[in-house]
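J.: 3D, please:
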Amino acid sequence: MTLLDPVWTSLLYLAAAVFFILALRGLSSPRTARRGNLIGAFGALLAVVTVFLSARLDNIPWIIGAIAVGTAVAAPVARRVKMTQMPQLVALFNGVGGGAAALVALLELSHTGDPWVRLAIVFTLLVGAVSFAGSGVTFAKLQELMTTRPVVFPGLPVAMAAVLLAAVGTGVAVVLTGSLPLAVLLMVLGLAAGALLVLPVGGADVPIVISLLNAFTGLAVAASGVVLGNVLLVVAGTLVGASGTILTRAMAAAMGRSVAGILFGAFKGGSTAGSTAVSERPVRSSSAEDVAVLLGYAQRVIIVPGYGLAVAQGQHTAAELALALEARGIEVDFAIHPVAGRMPGHMNVLLAEANVPYESLKEMGEINSEFRTADVVLVVGANDVVNPAAKTSSGSPIYGMPILEVAEARQVIFLKRSMRPGFAGIENDLLYEPQTSLLFGDAKDSLAKVLGAVKSL
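T.: Numbers count the residues shown, from 1 in each chain. Below is the predicted model:
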């Protein structure tokens with residue numbers, strides 16, 4: 001006997017689905033993202049409680065124990081993770097979701113003889129395994145447990161094609177026979193396909209693949225909803241799959257590349273792969289006092305944050321510097337590139353953490369026309385998103401990528417730890433232009449020195 005009848009169960013599932021939709025709407029803007037996250041979490045809680053009240057569950061102590069263990073592991077990790085490691089955390093969440101969907105489908109195989117349900121099981125097994133393995137490789141790349149450069153070996157396209165053909169054949173056999181050993185083999189082939197799919201991706205393309213794998217996980221969860229006969233899983237998985245697909249396309253457009261080019265570009269040398277090459281050309285370096293004078297007597301300053309700011313945890317100092325300049329009557333804005341950092345919205349979240357007003361965060365399309373009116377642009381830890389090679393060098397891996405038009409400003413100041421290239425491994429000619437100067441050092445320390453010098457003007 002259950003505590004909820006089917007009518008109330010359907011109504012509560014509908015309410016949870018509405019909460020998920022409202023959560024996605026909230027996550028579309030930095031101003032409402034926190035509220036959207038809370039709405040989505042409440043929707044998930046409502047869905048779980050509804051399942052407990054409406055279904056006849058066996059092994060409830062084991063289920064509660066699993067939830068407790070998961071909470072005990074996930075909550076501290078999520079609270080302690082650094083902003084620079086958020087993409088890795090997202091990759092892990094993606095992978096766990098896909099893997100869980102695949103395991104559920106595997107367990108349900110012996111409970112059905114319906115070929116259509118078996119087809120959904122096959123889809124869940126394959127896509128969930130691809131997401132799990134692919135997310136594991138992206139985590140390893142971003143965490144630098146392996147090289148961030150594309151991993152390509154002779155015969156890789158043939159190996160990928162062979163694995164996919166074997167997976168299709170095995171999937172057909174599972175649908176026809178319901179064989180558990182063949183289903184396990186299908187999962188193994190899915191794991192191999194996921195690894196082979198992501199290994200050739202390198203550099204700045206990795207976060208885009210994380211978004212694509214997120215869409216894969218959503219589709220696997222939706223298919224598992226078909227397997228379990230749970231409408232809410234179908235709705236939630238479809239929402240995740242659709243939003244992940246839209247985000248992947250938006251990120252690819254921000255990079256000026258196609259999704260196919262991102263996945264298979266390494267086969268023809270088109271991936272944005274990292275590099276450690278350092279140019280020997282001379283640059284003009286500045287002191288914190290020189291930078292403070294340029295900033296302190298400007299009328300318009302634009303700050304361009306990048307991954308280096310996140311690594312140095314300098315967002316609070318950057319916010320203090322902006323306030324100090326505004327106190328002198330200087331107009332200050334932050335220019336946000338869609339793929340700055342290692343994930344979409346990385347810089348928005350980073351600066352929101354430092355209480356930078358949302359009105360000061362301007363997206364690329366809004367701010368690009370204003371660089372020509374800026375007296376000084378302060379680039380903090382960014383490189384690829386301001387690199388003119390995206391417009392001028394047809395042989396560059398980032399050629400065609402929309403960039404922030406920093407080169408149009410009167411003065412450009414780069415805060416860099418060293419002359420190493422950015423994540424895409426491409427030299428930035430803007431560093432050598434007459435209007436550009438560099439302040440070397442840890443971004444947080446450099447910002448603190450500049451802030452102190454500005455206050456003493």
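
J.: any idea how far Ile426 lies from Ile336?
T.: Between Ile426 and Ile336 the computed distance is 21 Å (CB to CB, to the nearest Å). Where C-beta positions appear, they are placed from N, C-alpha and C, glycine not excepted.

J.: phi, psi of Ser10?
T.: Backbone torsions of Ser10, given as degrees, to the nearest 10, read phi -60, psi -40.

J.: pLDDT below threshold where in the stretch 101-250 of the chain?
T.: Where the stretch 101-250 of the chain drops to pLDDT under 70, the residues are 203-204.

J.: could you redo the last one with a cut-off of 80?
T.: Within the stretch 101-250 of the chain, the stretches with pLDDT under 80 are 144, 147-150, 202-207, 250.

J.: can you pull out the helices in it?
T.: Applying DSSP state H, counting those that start in this stretch to the stretch 101-250 of the chain gives helices spanning 115-142, 156-177, 180-198, 206-228, 231-254.

J.: buried residues in the third one?
T.: Taking 16 or more other CB atoms under 10 Å as the basis for neighbour counts, the residues of helix 180-198 that come out buried are 182-183, 185-187, 189-198.

J.: give me the nearest residue to the spatially most central residue of the chain, chain neighbours excluded.
T.: Residue closest to the average C-alpha location in the chain (CA atoms, centre = their mean): Met343, at 3.2 Å. Counting by CB to CB, 6 or more residues apart in numbering, Met343 lies nearest to Pro87, which is 4.4 Å off, once chain neighbours are set aside.

J.: again, but for Leu3
T.: Leu53 (4.5 Å).

J.: where's the one you found relative to Gly70, distance?
T.: From Leu53 to Gly70 the distance is 20 Å (CB to CB).

J.: how's the protein carved up into domains?
T.: Split into domains by automatic domain parsing, the chain comes to 6-268, 288-455.

J.: looking at those domains, which is nearest to Pro282?
T.: domain 288-455 (7.7 Å; CB to CB).

J.: span of that closest one from start to end?
T.: Using CA to CA, to the nearest Å, one end of domain 288-455 lies 12 Å from the other.

J.: now that domain, how far from the centre of its chain.
T.: The chain centre lies 21 Å from the centre of domain 288-455; the measure is CA atoms, centre = their mean, to the nearest Å.

J.: what's the answer for stretch 88-95, then?
T.: Relative to its chain's centre, stretch 88-95 lies at 9 Å (CA atoms, centre = their mean).

J.: possible to save the helices of the stretch 101-250 of the chain as CSV with distance to Ile262?
T.: Shown next, in CSV, are those (distance: least, CB to CB, whole Å):
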stretch, distance to Ile262
helix 115-142, 12
helix 156-177, 15
helix 180-198, 11
helix 206-228, 6
helix 231-254, 6
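
J.: before we move on, the earlier item: for the domains of the chain, which one ends up most surrounded?
T.: domain 288-455 (a mean of 20; mean count of other CB atoms under 10 Å).

J.: closest to Gly40 out of the helices of the stretch 101-250 of the chain?
T.: Proximity to Gly40 (CB to CB) singles out helix 231-254 among the helices of the stretch 101-250 of the chain, at 9.6 Å.

J.: contacts for that closest one next, please.
T.: With CB atoms under 8 Å, 6 or more residues apart in numbering as the test, helix 231-254 has contacts from 10, 13, 16-17, 20-21, 24, 47, 50, 207-208, 211-226, 258-259, 262, 337-339, 344, 364, 401-402.

J.: closest one to Thr32 among the helices of the stretch 101-250 of the chain?
T.: Taking CB to CB, helix 231-254 is the member of the helices of the stretch 101-250 of the chain nearest to Thr32, at 15.2 Å.

J.: correct me if wrong: Ala193 contacts Ala166.
T.: No: using CB atoms under 8 Å, Ala193 and Ala166 do not qualify as a contacting pair, with a distance of 9.3 Å.

J.: not counting residues beside it along the chain, what's closest to Tyr358?
T.: Nearest non-adjacent residue to Tyr358, counting by CB to CB, 6+ apart: Arg31, 4.9 Å away.

J.: so the one you found: helix, strand or coil?
T.: Secondary structure assignment for Arg31 (DSSP: H, G, I helix; E, B strand; the rest coil): coil.

J.: check Ile413 too.
T.: Ile413 is classified as strand under three-state DSSP.

J.: residues touching it, list them.
T.: If you count contacts by CB under 8 Å, 6+ apart, then Ile413 has 286, 291, 294, 376-379, 436-439 around it.

J.: show residues contacting stretch 29-49.
T.: Residues outside stretch 29-49 that contact it (CB under 8 Å, 6+ apart) are 12-13, 15-20, 22-28, 232, 236, 345, 348-349, 352, 358, 361.

J.: restricted to helices, list those.
T.: Those of the contacts of stretch 29-49 mapping onto helices are 12-13, 15-20, 22-27, 232, 236, 348-349, 352, per DSSP state H.

J.: angle of the strand or helix carrying Leu38 against helix 346-353?
T.: Taking DSSP states H and E as the definition, Leu38 sits inside helix 33-54. The directions of helix 33-54 and helix 346-353 differ by 100 degrees, with axes from the mean of the first three to the mean of the last three CA atoms, to 10 degrees as the criterion.

J.: ok but Phe334 is inside a strand, no?
T.: Yes: under three-state DSSP, Phe334 falls within a strand.

J.: check contacts around it.
T.: Phe334 neighbours (CB under 8 Å, 6+ apart): 302-305, 322, 347, 351, 356, 360-362.

J.: now do Leu439
T.: The contact partners of Leu439, taken as CB under 8 Å, 6+ apart, are 285-288, 291, 413-416, 446, 450.

J.: tell me which element Val377 is part of?
T.: Taking DSSP H and E as the criterion, Val377 maps to strand 376-380.
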